[in-house]
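**Student:** below: sequence and its predicted model.
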Amino acid sequence: RPAGAAFDTMSSSASSCRQQPRPRRITRAASRAAAAALLSDSPGEVVAHILKQCEPRDLGALACTAQWLHPLLELALRLRAGENGHALPKKLPLGD
């Protein structure tokens, strides 16, 4: 084989690698939707145990932005309080 033939083979294989489609990037909106679906599809007890690990400020932000999480946030707060030896009233007061 002439030296040029080997070079041509390498350049054609390198160019075929460049022509492969790039993997699609996940947008932030798609990522948020996937996270919300993961939470909504998971059992409530599991989600509450995850949420109880969040900082109180983050729980407050979730309460403001995701009303469907309110029952799970309340359960998370009850779990956290119980683990710390505190009791919560049967009905929590509504915030401002």
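**Tutor:** Thanks, I have it.
**Student:** who touches residue 44 in this structure?
**Tutor:** Residue 44 is in contact with 71, 72, 75, counting by C-beta atoms under 8 Å, 6 or more residues apart in numbering. (Glycine included, C-beta is placed from N, CA and C.)
**Student:** find the residue at the geometric middle of this structure.
**Tutor:** Residue closest to the average C-alpha location in the chain (C-alpha atoms, centre = their mean): residue 35, at 3.7 Å.
**Student:** please give the element, helix or strand, for that residue.
**Tutor:** Taking DSSP states H and E as the definition, residue 35 sits inside helix 28-41.
**Student:** now do the helix or strand following that helix against helix 28-41, angle only.
**Tutor:** Downstream of helix 28-41, the next assigned helix or strand under DSSP H and E is helix 44-51. Orientation of helix 44-51 against helix 28-41 (axes from the mean of the first three to the mean of the last three C-alpha atoms, to 10 degrees) gives an angle of 130 degrees.
**Student:** which of the residues in helix 44-51 are buried?
**Tutor:** The neighbour-count check on helix 44-51 (16 or more other C-beta atoms under 10 Å) flags 47, 48, 51 as buried.
**Student:** do stretch 71-86 as well
**Tutor:** If you call a residue buried by 16+ other C-beta under 10 Å, then stretch 71-86 has these buried ones: 72, 73, 74, 75, 76, 77, 78, 80.
**Student:** one more: stretch 48-68?
**Tutor:** 48, 51, 52, 59, 62.
**Student:** quick one: mean pLDDT over it.
**Tutor:** In this model, stretch 48-68 has a mean pLDDT of 91.
**Student:** how far away is the nearest residue to residue 40 once chain neighbours are set aside from residue 29?
**Tutor:** Of all residues not flanking residue 40 in the chain, residue 68 sits nearest, at 7.3 Å (C-beta to C-beta, 6 or more residues apart in numbering). According to C-beta to C-beta, to the nearest Å, residue 68 and residue 29 sit 18 Å apart.
**Student:** list the contacts of the nearest residue to residue 83 once chain neighbours are set aside.
**Tutor:** Using C-beta to C-beta, 6+ apart and skipping residues adjacent in sequence, the residue nearest residue 83 is residue 52, 7.9 Å away. Contacts for residue 52 (C-beta under 8 Å, 6+ apart) come out as 76, 77, 79, 80, 83.
**Student:** sounds good, over and out.
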